[in-house]
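[1] Take a look and give me a structure for this.
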Amino acid sequence: MPSLDARGVASLLREYAQRTALRGGNPYRAKAYSRAADSLAALAVPLDVLVAEDRLTEIPGVGDAIADIITKLHKTGSHPSLEKLRKEIPAGVLEMLAIPGLRPEKVLRLYKDLGIGSLPELEAAAKDDRIKKAKGLGAALQTKILQNLAIAKSGEGRLHLHRAAALLAHAKDSIRKSRPELKRVTIAGDFRRGCELVGDLAIVAEAAKPDKTSTTSADGLQIRVSDRKHFGAALLFATGSAGHIEQLQALAAEKGLQLDIDGLHKGRTLVAREEADIYQALGLPFIDPELREGRGEIEAALKGKLPKLVTDQDLRGILHCHTDASDGTETLETMAKATRQRGFEYFGVADHSKSAHYAGGLSVEEIAQQHREADRLNKRFGKDFRILKGIESDILADGSLDYDDDVLERFDFVVASIHGRFKLDRKSQTQRLLRAISDPHTTIIGHMTGRQLQRRPGYEIDVEKVLRACVKHDVVVEINAHPWRLDLDWRWHQAALDFGCMLSINPDAHSISELDHMHWGVQMARKGGVSADRVLNAMTLAEITRYLRQKRRSLARAA
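    Numbers count the residues shown, from 1 in each chain. Next up, the predicted model:
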């Protein structure tokens, strides 16, 4: 049989990962196979070339053992271990692993105890109340399955931002090495638009020879090669979105022009080559890729009302970070130094509070100890850098914060967050948040809806009512930059801005590497149309110190 391409091998390797997960044992082995399958889907070089040149280990996540498996799958279309695993479980059972929160051992039990062998059978069983009656499964699992079926369907084939970034960076590097004649190798697709989940891995490159734009596919990664004359249009169309492009084409038609993948034309004359020139010829300023969703950005551009979007360089400090005092991996000193080395002016520690037993929440004594350590370090840092003393205080079921007022008053800032009781009804959950916001000690509302992308939906709240309350009580809305959260959803950012909210881009970092999650938060803020003047941590150290001091004075007056 002919050898399999990268897409075919990736499909088999993903099946191998799923069957390995169902078999049990070391869970990291199945995850390694799955990551390698994702990497194969973004290859910029044909798989047979990498196999022939013994270069498989250049692929992210592929070591010698997985390279041997890939080689066997590529050459034969199968693998002895995979064939053995196939005899144990029907193929339909694998579909159920796509349900967030449904662990392999539960999937196996659903199959063996209830005879459920596919996703449609699972949905039917849940709707018929068969799962909640089964011993060892129960009502909670049934509710989770019904709730998360939609997530599984909507997120199929899409990657979190940070994972897509790694694959696309490797693809760019591979293209430059394998095809040095190509210039301007540029990432496009929904990644360039800053979408929170990426399903369109696309790259545009310039070549000297092509007379017009051409499209090729390298086993899942879309590579569009254009000559210099048509590069701008190629990049524009490869970036999208479809809605944005359609609106640009309609505007072009109004002006007697034609916009297509070959460029912007008036009759047979090419009017504009570069992307920015196409916008200019249409009477528009350059529209940042993050805004190109067909959601009113063209009308705003025509009126001269496009925002100047926040950038990574605008941020002056980091808030909402964890240390080994709760569930982080590093000390306060190590995290603060790493923040300072990244050029920031302040580090806002916000370890978990006492109710978060699962995360080593801080007792009152441990708070005092951390504050003494912060004071000691601040003396050493001097005037150009400061640790701000914060806490991520749990919002209890009734909306109260989980420390007494005299403890909360010791902090420079308080991030109030929900970490449990997600299933309260919409009215109760909203009231819970409103009470927390009205607490004068609350500075920031953390990850407002509690969503985790491709894992769980957010809890039900009246977001508009919550945002209006934040304005009323001078509470900042968090854009949680962790790539699994990215909460508040960018689709609500414009409403927050219109109401008058301030926002804070926070990494929710639990390690040094997670400090760099800030970039994904900036991407979300840009996609939501946020400018630097509406971001709390775009303030300098002097400005944020003054802001927090004024808030504490207001608190004292209220008391």
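[2] buried set for the strand ranked longest in the chain?
    Ranked by residue count, the top strand of the chain under DSSP state E comes out as strand 386-394. When neighbours are counted by 16 or more other Cβ atoms under 10 Å, the buried residues of strand 386-394 are found to be Arg386, Ile387, Leu388, Lys389, Gly390, Ile391, Glu392, Ser393, Asp394. C-beta: built from backbone N, CA, C; applies to glycine.
[3] now do stretch 535-544
    Neighbour-count burial for stretch 535-544 flags Val535, Leu536, Asn537, Ala538, Met539, Leu541, Ile544 (criterion: 16+ other Cβ under 10 Å).
[4] Max pairwise distance over those residues: which two?
    Using Cβ to Cβ, these span at most 14.8 Å, a distance reached by Val535 and Leu541.
[5] From Leu401, how far off is Gln431?
    15 Å (Cβ to Cβ, to the nearest Å).
[6] Those two: who's more crowded?
    Remark: of Gln431 and Leu401, Leu401 carries more neighbours, 23 against 17, as counted by other Cβ atoms under 10 Å.
[7] From the contact counts, what lies against the longest strand of the chain?
    Under the contact definition 3 or more Cβ pairs under 8 Å, 6 or more residues apart in numbering; DSSP states H and E, strand 386-394 sits against strand 317-321, strand 346-352, helix 364-381, strand 413-417, helix 541-558.
[8] what pLDDT, on average, does the fourth one get?
    Which is strand 413-417. Predicted confidence along strand 413-417 averages 98 (mean pLDDT).
[9] now do the first one
    In this model, strand 317-321 carries a mean pLDDT of 97.
[10] hmm, who's touching that strand?
    By Cβ atoms under 8 Å, 6 or more residues apart in numbering, the residues outside strand 317-321 that reach it are 328, 335, 339, 344-350, 388, 390, 392, 413, 415, 444, 446, 478, 480, 504, 506-510, 515, 518, 536-537, 539, 541, 544.
[11] can you give me the angle it makes with strand 413-417?
    Counting by axes from the mean of the first three to the mean of the last three Cα atoms, to 10 degrees, strand 317-321 lies at 50 degrees to strand 413-417.
[12] Going forward, count from 18.
    Sure, I'll start numbering at 18, so the last one becomes strand 334-338.
[13] contacting residues around Thr88?
    Contacts for Thr88 (Cβ under 8 Å, 6+ apart) come out as Val68, Leu73.
[14] thinking again about what came up before, in its sheet, what does the longest strand of the chain sit against?
    Sheet pairing of strand 403-411 (DSSP bridges) gives strand 363-369 (parallel), strand 430-434 (parallel).
[15] would you list these in TSV and tack on mean neighbour count and distance to Lys283?
    Shown next, in TSV, are the strands paired with strand 403-411 (neighbours: other Cβ atoms under 10 Å; distance: least, Cβ to Cβ, whole Å):
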stretch	mean neighbour count	distance to Lys283
strand 363-369	27	54
strand 430-434	26	55
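[16] Just to be sure, Glu495 is in a helix?
    No: using DSSP: H, G, I helix; E, B strand; the rest coil, the assignment for Glu495 is strand, not a helix.
[17] Distance of Ile304 relative to Tyr363?
    33 Å.
[18] Show me the helices in the stretch 468-576 of the chain, by range?
    480-489, 510-516, 535-544, 558-575 (DSSP state H, counting those that start in this stretch).
[19] Would you mind putting the CA coordinates of the last one into PDB?
    Translated: helix 558-575. C-alpha atoms of helix 558-575 as PDB (Å, rounded to 0.1, in the frame of the first residue of the first chain):
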ATOM      1  CA  LEU A 558       4.000  52.100  39.600                       C
ATOM      2  CA  ALA A 559       3.400  55.600  40.800                       C
ATOM      3  CA  GLU A 560       0.000  55.700  39.200                       C
ATOM      4  CA  ILE A 561      -1.300  52.400  40.400                       C
ATOM      5  CA  THR A 562       0.100  53.100  43.900                       C
ATOM      6  CA  ARG A 563      -1.900  56.300  44.000                       C
ATOM      7  CA  TYR A 564      -5.000  54.500  42.600                       C
ATOM      8  CA  LEU A 565      -4.900  51.800  45.200                       C
ATOM      9  CA  ARG A 566      -4.200  54.300  48.000                       C
ATOM     10  CA  GLN A 567      -7.200  56.400  47.000                       C
ATOM     11  CA  LYS A 568      -9.400  53.300  47.000                       C
ATOM     12  CA  ARG A 569      -8.300  52.500  50.500                       C
ATOM     13  CA  ARG A 570      -9.000  56.000  51.600                       C
ATOM     14  CA  SER A 571     -12.500  55.600  50.200                       C
ATOM     15  CA  LEU A 572     -12.800  52.400  52.100                       C
ATOM     16  CA  ALA A 573     -11.800  54.200  55.300                       C
ATOM     17  CA  ARG A 574     -14.300  56.900  54.800                       C
ATOM     18  CA  ALA A 575     -17.000  54.400  54.200                       C
END
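[20] Can you pull the poorly scored residue ranges out of the protein?
    For the chain, the stretches flagged by pLDDT under 70 are 18, 170-174, 227-237, 573-576.
[21] Spatially central residue in it, please.
    Pro500 (3.0 Å; Cα atoms, centre = their mean).
[22] pretty sure that one is touching Trp537, no?
    Yes: with contact defined as Cβ atoms under 8 Å, Pro500 reaches Trp537; the gap is 5.1 Å.
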